[in-house]
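> Sequence first, predicted model second:
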Amino acid sequence: MVDEMHADINNPEIANDEYFANRTILTTTNVVVQPINEAVAQRLEGVSQEYLSTDSVKEDEEVNFFEQGMLHTVNTNGIPPHKLTLKKGAPIMMMRNLHPDLGLCNGTRLRIIELKPHVIQEKI
């Protein structure tokens, strides 16, 4: 399926914003989404950037609610995975209503322009 949907993903004359806007792979669960996202990312040229969620609390806290390994496996709607690997040019989806007046709302499809250590720059 990824071969058919994203065959020309690295051709700059074809893989423009409209190219990604007209291609969507729908699935029923997040378990199915992860392998598809990885397959599309592997097709993109360039270096990948890895982002990790926070999985610890302040050192002075003596409470241990959950093991880190268990937290890393949580895969639920509305929460990104613990390890998120992205590449420049990849399509992503907004998961929060940041600024609805500017079109930055939940479900908005974006394309990654630049990846920095703590910031993902994208365009609608």
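Nice, I can see it. These numbers come from a predicted model, not from an experiment.
> Look up which helix or strand the residue nearest to the spatial centre of the chain falls in, please.
Closest residue to the average C-alpha location of the chain: Ile92 at 5.1 Å, with C-alpha atoms, centre = their mean. Assigned by DSSP states H and E, Ile92 falls within strand 91-93.
> ranges for the helices of this structure?
With helices called from DSSP state H, the chain shows them at 2-5, 17-21, 30-43, 68-72.
> closest to Ile79 out of these?
Proximity to Ile79 (C-beta to C-beta) singles out helix 30-43 among these, at 9.2 Å. Heads up, the C-betas are built off the backbone N, CA and C, glycines and all.
> For that closest one, the averaged confidence score.
Regarding helix 30-43, the rounded mean pLDDT is 83.
> do the same with stretch 101-115
The average of the pLDDT scores along stretch 101-115 is 91.
> Output it in PDB with nothing but the alpha carbons.
The C-alpha trace of stretch 101-115 is given here as PDB (Å, rounded to 0.1, in the frame of the first residue of the first chain):
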ATOM      1  CA  ASP A 101      -7.900  31.300  13.800                       C
ATOM      2  CA  LEU A 102      -4.600  30.500  11.900                       C
ATOM      3  CA  GLY A 103      -5.700  27.000  11.000                       C
ATOM      4  CA  LEU A 104      -3.600  25.400  13.800                       C
ATOM      5  CA  CYS A 105      -6.200  23.000  15.200                       C
ATOM      6  CA  ASN A 106      -6.600  19.300  15.900                       C
ATOM      7  CA  GLY A 107      -6.500  17.300  12.700                       C
ATOM      8  CA  THR A 108      -4.800  19.900  10.500                       C
ATOM      9  CA  ARG A 109      -2.300  18.200   8.200                       C
ATOM     10  CA  LEU A 110       1.200  19.700   8.100                       C
ATOM     11  CA  ARG A 111       4.500  19.100   6.300                       C
ATOM     12  CA  ILE A 112       7.800  19.200   8.200                       C
ATOM     13  CA  ILE A 113      10.100  22.000   7.000                       C
ATOM     14  CA  GLU A 114      12.900  21.800   9.700                       C
ATOM     15  CA  LEU A 115      13.700  19.600  12.600                       C
END
